[in-house]
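>>> Please work out how this folds:
(chains A and B)
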Amino acid sequence: MRTVMIVMSCVVVTSVAMAQTNVQPAPKAPDGKPDLTGVYQASPRRGGWDAEAPGDEPGVAAQRRPGDVAALTSDPIPFRPEARARAQELLNRRSIDDPASHCIFIASPRITGVGLFPVQIVQTPTQVVILYEYLWTHRVIPIGTKHPDDMSPSFMGDSVGHWEGSTFVVDVVGFKPGGWLTGGLVTSDALHLTERYTRVDRDQLTYEVTLDDPKVLTKPFTQRTTLMLREGARLREYSCPENNMDPAVYEKLLKDPATFQRTPGK
Amino acid sequence: MRWVIALALLTSTATVSAHHSFGVAFDATKTVNLTGTITRIDWTNPHTHVYVDVKDASGKVVNWKLEGYPPNVLERTGWKKDVTIKVGDRITFFGWPARDGTPYAHLREATLASGQKLYFGPPAGTGEGPAVAR
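Sure thing, here's the model as predicted:
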């Protein structure tokens, strides 16, 4: 009886919340699974394309509005001491060594959370394909299979997925060492991601990822991003190496490191 | 309630850097706000660049290189190649200068000859990331 009451309360609360904000339920695929298909943006807001929420003054971000959700949150990164020292060294150099500045692919969760660029998900009964405008790359995620025996290390790793109720869970291994994630975290070949994609309603897809990398972390930790549906948005070509002047800028800066290095804490 | 606060303390809003850190090349503690004539537009990835001739107080012309979003980001916010701005147009730009003191800047807000104001690049600090590894 108590369980029934709790379930009924949840239904009532959910129904009221949906009515108040005009939230529509998550769509279903023909096979009955939740359908993740759509074009999304990492953003705290529902609605149309969020052009990085500029404030009234240039350089000042807009205040968060009622109803906004956290776009990206992270548990503290449990660095091993040597990895923390390395991260600090890289941050002091203002991430001049970041592979992305040389247009090299970056792994999720970093590529998923770049809100300037949309992410498109295409779901079929046998695989989920994720297309990233940023760096113009993609992942093909087979459902219900094992990682291949002939897997070779890659920047974005090898992904296999399965459904756990309404959540699509992706296991990712097989990374090249030296990948960069947020906060100066440089990952190793032992990186293991467990990603959870849940379309909680029509507009909102939550992305939660647990990162484990025993060579650089003392324990696994979790990051979360909210992906919002962007109807009408489409992926446009992003040919990063086309006119990448940054390496030349860096070479010049390195001749006088004092011009760009920073003090820890500032 | 207590656990909600504890959760808030445990988690933090993370920043996600895109192509490169703002702070690598630009100095957010200084600003530039200048008007000039567009001499060249590179509608290219990973950044769009606009070059602008600006006359200083002594009458000397300096060609500024201004960096902004890639074309796909600009086009999603209403910019059109060779329509919104063209070579020869007057433009006023607000942004942050390069650390090395050269006439190179991160362009945030462009004021077109019509008076229309548009964002051309992200705010200062986008992609800067934390100063301390946490």
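>>> When you work out contacts or count neighbours from here on, use the C-alpha atoms and nothing else.
Fine.
>>> looking at chain B, which helix or strand does the model trust least?
helix B:2-10 (a mean of 35; mean pLDDT, DSSP states H and E).
>>> Could you list the low-pLDDT ranges of the stretch 151-266 of chain A?
A:266 (pLDDT under 70).
>>> can you tell me the residue of it closest to chain B?
Residue nearest to chain B within the stretch 151-266 of chain A (CA to the nearest CA): residue A:240, separated by 4.7 Å.
>>> show me the contacts for that residue.
Residue A:240 makes contact with A:103, A:135, B:45, B:46 under the criterion CA atoms under 8 Å, 6 or more residues apart in numbering or on different chains.
>>> Which of those sits closest to residue A:227?
residue A:135 (18.2 Å; CA to CA).
>>> Let's verify that closest one: helix, strand, or coil?
Assigned with DSSP: H, G, I helix; E, B strand; the rest coil, residue A:135 falls in the helix class.
>>> do the same with the one 10 residues further on
Under the three-state scheme (three-state DSSP), the conformation of residue A:145 reads as coil.
>>> next one: residue A:96
Of the three states, residue A:96 takes coil under three-state DSSP.
>>> okay, now it: neighbour count?
Neighbourhood size, residue A:96 [other CA atoms under 10 Å in any protein chain shown]: 26.
>>> for the one 3 residues further on, same thing?
Neighbours of residue A:99 under the rule other CA under 10 Å: 16.
>>> now residue A:257
13.
>>> and if you look at the one 3 residues further on?
The number of residues packed around residue A:260, counting by other CA under 10 Å, is 21.
>>> is it true that it touches residue B:21?
No - contact status for residue A:260 versus residue B:21: not in contact, 10.9 Å apart, counting by CA atoms under 8 Å.
>>> any residues in contact with both of these two?
residue A:94.
>>> can you give me the helices in the stretch 101-250 of chain A?
Using DSSP state H, counting those that start in this stretch, the helices assigned to the stretch 101-250 of chain A run over residues A:246-254.
>>> For residue A:32, grab the count of nearby residues.
Residues lying near residue A:32 (other CA under 10 Å) number 10.
>>> Would you mind measuring from it to chain B?
For residue A:32, the distance to chain B equals 34 Å [CA to the nearest CA, to the nearest Å].
>>> Now do the same contact list for that residue.
Residue A:32 touches nothing, counting by CA under 8 Å, 6+ apart.
>>> Need phi/psi at it.
phi 90, psi -10 (degrees, to the nearest 10).
>>> again, but for residue A:85
Dihedral angles (degrees, to the nearest 10) for residue A:85: phi -60, psi -40.
>>> In contact with it, which residues are there?
Neighbours of residue A:85 in contact, by CA under 8 Å, 6+ apart: residue B:133.
>>> Same question for residue A:139.
So residue A:139 contacts A:129, A:130, A:131, A:156, A:159 (CA under 8 Å, 6+ apart).
>>> burial of the nearest residue to the last one once chain neighbours are set aside, as a residue count?
Sequence neighbours aside, residue A:172 is the residue nearest to residue A:159 in space, at 4.5 Å (criterion: CA to CA, 6 or more residues apart in numbering or on different chains). Using other CA under 10 Å, residue A:172 has 22 other residues around it.
>>> wait, residue B:67 sits on residue B:49?
Yes - here residue B:67 reaches residue B:49: they are 4.7 Å apart, a contact under CA under 8 Å.
>>> neighbour-wise, which of the two wins?
Counted by other CA under 10 Å, residue B:67 and residue B:49 do not tie: residue B:49 has more neighbours, with 25 against 21.
>>> residues in contact with the host helix or strand of the more buried one?
If you go by DSSP states H and E, residue B:49 is part of strand B:48-55. Residues from elsewhere that reach strand B:48-55, judged by CA under 8 Å, 6+ apart: B:34-43, B:61-71.
>>> Having no further points to raise, I will conclude here.
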